[in-house]
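Trainee: Generate a structure from the sequence data that follows.
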Amino acid sequence: MASMTDVIFLLLIFFMITSTVVSPNAIKVLLPQGKQQTSAKPLTRVIIDKDLNFYAAFGNDKEQAIALEELTPFLQSCAAKEPEMYVALYADEAVPYREIVKVLNIANENKFKMVLATRPPESK
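Mentor: Below you'll find the model as predicted:
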């Protein structure tokens, strides 16, 4: 039995090492839970409306209209204020996916933690 546990531990170590080496080619996103929760860390908001207008705000500030080209410097200045910030992306459901991916790429390139905001499911 002692040799059996050694084999199991070796297999466990092997699978732990190989699973950390494999990394998918997907953008990593933290999905929020359905219940309302407050975060102790300041949250930066990026909003895309159905007319593809971009808005951004840091913390409790009011959202300001912003161009896509200005988004990277804005997020970098927010990260300088709070390095552990999360960026919440609010996108209208009519927004094309490519516009959402542009914002996700900006966050990914700058190593920002991104959260996709969703609404709770409708009850029937």
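Trainee: ok, which stretches of the protein are helices?
Mentor: 2-21, 68-81, 97-109 (DSSP state H).
Trainee: Tabulate the ones you listed in a markdown table, adding columns for distance to Gly59 and mean pLDDT.
Mentor: In this view, the C-beta of every residue, glycine as well, is placed from N, C-alpha and C. Shown next, in a markdown table, are the helices of the chain (distance: least, CB to CB, whole Å; pLDDT from 0 to 100):
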| stretch | distance to Gly59 | mean pLDDT |
| --- | --- | --- |
| helix 2-21 | 35 | 82 |
| helix 68-81 | 8 | 91 |
| helix 97-109 | 17 | 89 |
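Trainee: Next, the contact list for Leu11, please.
Mentor: Contacts here follow CB atoms under 8 Å, 6 or more residues apart in numbering; on that basis Leu11 touches nothing.
Trainee: Can you give me the pLDDT of Pro120?
Mentor: Pro120 is assigned 62 on the pLDDT scale.
Trainee: what's the answer for Lys28, then?
Mentor: Reading off the model, Lys28 has pLDDT 39.
Trainee: The one 10 residues further on now?
Mentor: At Thr38 the predicted local distance difference test score is 46.
Trainee: Same check on Val46?
Mentor: For Val46, pLDDT reads 89.
Trainee: Any idea how many residues pack against the residue nearest to Ala57 when sequence neighbours are not counted?
Mentor: Once flanking residues are discounted, Ala57 sits nearest to Glu63: 4.4 Å by CB to CB, 6 or more residues apart in numbering. By other CB atoms under 10 Å, the residues close to Glu63 number 14.
Trainee: contacting residues for Glu63?
Mentor: Per CB under 8 Å, 6+ apart, neighbours of Glu63: 45, 47, 55-57.
Trainee: Could I get the pLDDT score of Asn60?
Mentor: 80.
Trainee: Against Ala2, how distant is it?
Mentor: From Asn60 over to Ala2 the distance is 60 Å, taken as CB to CB, to the nearest Å.
Trainee: ok so, going back, do you know how far the residue nearest to Ala57 is from Ile13?
Mentor: 49 Å.
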